[in-house]
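K.L.:
one predicted model, sequence on top.
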Amino acid sequence: MMINGAGATFPYPIYSKWFDAYAKVDPSVRFNYQSIGSGGGQKQILSQTVDFGASDGPMSDENLAKAPGKILHIPTVAGAVVITYNLPGNPALKLDGDTIAGMYLGQIKKWNDPKLTALNPGVKLPDQDIVVVHRSDGSGTTFIFTDYLSKVSSEWKSKAGNNTSVNWPTGIGGKGNEGVSGQVKQTPGAVGYVELIYAKQNKMPYADVKNSADEFVKATPDSVTASLATADVPDDFRFSMTNAPGKDAYPISGATWLLVYQQQKDATKGKKLVEFLKWALTKGETMAKDLDYASLPDSVQQRVLKRIDEIKY
Amino acid sequence: MALAASVSIAGSPARAGMSPPSRFGDRAFEWLTLAMASAVVVLVILIGWELWVGSSLAIKKFGFHFLTTSTWDPVAEQFGALPFIYGTLVSSAIALVIAVPLGIATAAYLTELAPLWIRQPLTSLIEMLAAIPSVILGLWGIFVMVPWLRNYPFPFLKQYFGWIPLFTGPIYGPCMFAGGIIIAIMILPIITSVSREILRSVPDLQREAAYALGATRWEATRIAVLSYAKKGLFGAVILGLGRALGETLAVTMVIGNTPQIVASLFKPGYTLASVLANEFTEATTDTYLGALFEIGLVLFGITILVNLLAQVLLRTIATTSATRAVQ
């Protein structure tokens, strides 16, 4: 049996690992997942051309209203977005919401701005222009990043706002994680945001970010799981976990979701899908850390498993 | 599209001169080819129709302002395509300014001057340039071309030609100029090979006549060959332009992707094709998608206009041999 899914690109590496591992658990099902982007995932689950969708952002009320049945959001893993930079010697940097928003609004223009030097005593910041780099393609990474900025800066919220792609006040756009990291690496004085996995693989420096408990936190799978544990997770699982409270929480992070209909049309397929989801949320979660994804904290995991039980077929 | 249309145009006068086909095989062949040719036409109409339907929401909401305003804000759902139209036209113009002299000069060298043993390898090399995948060129653009441009040619231009508004402002690297150069590299092969075919189709009588009148090699090439093939070469340029308008991936990687209209070529820009490639996959709301469809419609419209222009020009070329060369 073939179960088809489509959507988000960010969780693609872990999903393909899950599908691969699950083939040994239940050889009778095969998964076909196309990472066409979150927008595509939402469209395809709405038009029922796939058995499950995947998205890096929760679906809007407007889109959910278009669905022929009730769509459930199943959070699977979470990831961090890190602030990377290109400075002489690449010193370890500390940043907070105010300075990140200031740079991306084009108000902090130099690396030796008093706001930056105040956060980084002992680091010699050069008198160099900041070249702001952002994603040019619509992406879940941008959604998480602008969601964070909208929470920490009212000016950002009114000027640019939060979406998979926004009207950037300043900077140059690079296509994909590789485009942003390429431009940051090539441009002296550049600052950019990329997924944690990408920064680690490319050995790029990334800043510790001050969270809402005034602690500077390094982005790791654990600090992301910590922020998901303290984030406010509503019953429909359509949550934002940026700037979560708690002193261990890394503030710029986001979850990714699978989208499934509560009422499955095909009974046998539905049963297999539920079995897989349960496996993914238990056994699958343990594989997350190896790929630098954050697994769900126990509290959320238990709630999601209960929700999976509500799927009818 | 341009190809099929001009085949049928070139075919009709020839067929008119023949006696009507009587055998079944000829009839069947005619119907089969007609069906193939019309499939292409139907496809074009369908694409246009789909784009029109997809963008109807945006057309209704923004009307003509879509083409004349500059804000592209997916959060507030305000969409204007002007910076993208501007970026598409400017980057294509830069590409033509670079690729046309290079392409035609290369073609002239290959047909008029180059010793025989060098022609074939050089031609193959140029055609190989066309075979490099767009994404490879784009990555090469980010990691090799842009840093080089930023360190050497751009500062030079700024220092000596900074009084021209085109070469002012800070140099980041990714910019409109870099986008134009990448497109130039990509359209160079088509301009060169089409021009070469056109120059080859210039009758030797032309050259002999020029030499007989005592012309030097340069004069013969200029007057008897280039001038004679003027219209065909123009067609080659238009074909290159058609390509340039639609180039996407490599351009996206080096142009900086910022929708703005500024004089300086060192500033980042944005093209119609790039914004489509960038934002279509993650757009979720109806208005946003509609606006992206309309971007596609605008690009489709511009491309069709350019192709129509090419058709008109190619049809007016005096010799049929030149027409055949273009096909």
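P.N.:
Received, thanks.
K.L.:
rest of the way, CA atoms for contacts and neighbours
P.N.:
Will do.
K.L.:
hmm, A:Leu95 is touching A:Leu119, no?
P.N.:
Yes: under the criterion of CA atoms under 8 Å, A:Leu95 makes contact with A:Leu119 at 6.7 Å.
K.L.:
show me which of these two is the more surrounded one.
P.N.:
A count of neighbours by other CA atoms under 10 Å in any protein chain shown puts A:Leu95 above the other of A:Leu95 and A:Leu119, at 22 against 15.
K.L.:
which residues sit in contact with the more buried one?
P.N.:
For A:Leu95, the contact set (CA atoms under 8 Å, 6 or more residues apart in numbering or on different chains) comprises A:Leu116, A:Leu119, A:Ala207, A:Asp208, A:Val209, A:Lys210.
K.L.:
now do stretch A:184-202: distance to the chain's middle.
P.N.:
Taking CA atoms, centre = their mean, to the nearest Å, one finds stretch A:184-202 lying 16 Å from the centre of the chain it belongs to.
K.L.:
quickly check: that stretch near chain B or not.
P.N.:
Yes: using CA under 8 Å from any CA of the partner chain, a contact is recorded between stretch A:184-202 and chain B, made by A:Gln186, A:Thr187.
K.L.:
how is A:Gly138 assigned, secondary-structure-wise?
P.N.:
coil (DSSP: H, G, I helix; E, B strand; the rest coil).
K.L.:
so how far is chain B from the nearest residue to A:Leu119 once chain neighbours are set aside?
P.N.:
Distance criterion CA to CA, 6 or more residues apart in numbering or on different chains; nearest residue to A:Leu119, sequence neighbours excluded, is A:Lys94 at 6.2 Å. With distances taken as CA to the nearest CA, to the nearest Å, A:Lys94 is found 25 Å from chain B.
K.L.:
equivalent analysis for A:Ser35, please.
P.N.:
Separation of A:Ser35 from chain B (CA to the nearest CA): 10 Å.
K.L.:
list the strands paired with the host helix or strand of A:Gly53, with their directions.
P.N.:
Assigned by DSSP states H and E, A:Gly53 belongs to strand A:52-55. The pairing partners recorded for strand A:52-55 under DSSP bridges are strand A:2-7 (parallel), strand A:253-261 (antiparallel).
K.L.:
returning to that earlier point: which ones are touching the residue nearest to A:Leu119?
P.N.:
A:Leu119, A:Asn120, A:Ala207, A:Asp208, A:Val209, A:Lys210, A:Phe216.
K.L.:
what bridges to it?
P.N.:
Here A:Lys94 sits in beta bridges with A:Asp208, going by DSSP bridges.
K.L.:
then A:Val260?
P.N.:
A:Leu72.
K.L.:
nearest residue to the middle of chain A?
P.N.:
By CA atoms, centre = their mean, chain A has its centre lying nearest to A:Gly254, at 3.8 Å.
K.L.:
that one contacts A:Pro75, doesn't it?
P.N.:
No: counting by CA under 8 Å, A:Gly254 stays clear of A:Pro75, with 10.1 Å between them.
K.L.:
near chain B, which residues of the stretch 1-150 of chain A?
P.N.:
A:36-40, A:42-43, A:63, A:131, A:136-140.
K.L.:
just the buried residues of these.
P.N.:
Neighbour-count burial (16 or more other CA atoms under 10 Å in any protein chain shown) applied to those gives A:36-40, A:42-43, A:131, A:136-140.
K.L.:
export those residues as JSON lines, with columns for distance to A:Lys203 and pLDDT.
P.N.:
What follows is those, written out as JSON lines (distance: CA to CA, whole Å; pLDDT from 0 to 100):
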{"residue": "A:Ile36", "distance to A:Lys203": "27", "pLDDT": "87"}
{"residue": "A:Gly37", "distance to A:Lys203": "26", "pLDDT": "85"}
{"residue": "A:Ser38", "distance to A:Lys203": "27", "pLDDT": "87"}
{"residue": "A:Gly39", "distance to A:Lys203": "30", "pLDDT": "85"}
{"residue": "A:Gly40", "distance to A:Lys203": "31", "pLDDT": "87"}
{"residue": "A:Gln42", "distance to A:Lys203": "33", "pLDDT": "92"}
{"residue": "A:Lys43", "distance to A:Lys203": "36", "pLDDT": "90"}
{"residue": "A:Val131", "distance to A:Lys203": "20", "pLDDT": "93"}
{"residue": "A:Ser136", "distance to A:Lys203": "22", "pLDDT": "91"}
{"residue": "A:Asp137", "distance to A:Lys203": "23", "pLDDT": "89"}
{"residue": "A:Gly138", "distance to A:Lys203": "25", "pLDDT": "87"}
{"residue": "A:Ser139", "distance to A:Lys203": "22", "pLDDT": "88"}
{"residue": "A:Gly140", "distance to A:Lys203": "22", "pLDDT": "87"}
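K.L.:
mind listing what the residue nearest to A:Glu195 when sequence neighbours are not counted touches?
P.N.:
Closest residue to A:Glu195 apart from its sequence neighbours, by CA to CA, 6+ apart: A:Val81 at 4.5 Å. When the contact criterion is CA under 8 Å, 6+ apart, the partners of A:Val81 are A:Thr141, A:Ile144, A:Phe145, A:Tyr193, A:Val194, A:Glu195, A:Leu196, A:Ala219, A:Ile252, A:Ser253.
K.L.:
what about the first one, which SS state?
P.N.:
The reference is to A:Thr141. Quick answer, by three-state DSSP: A:Thr141 is helix.
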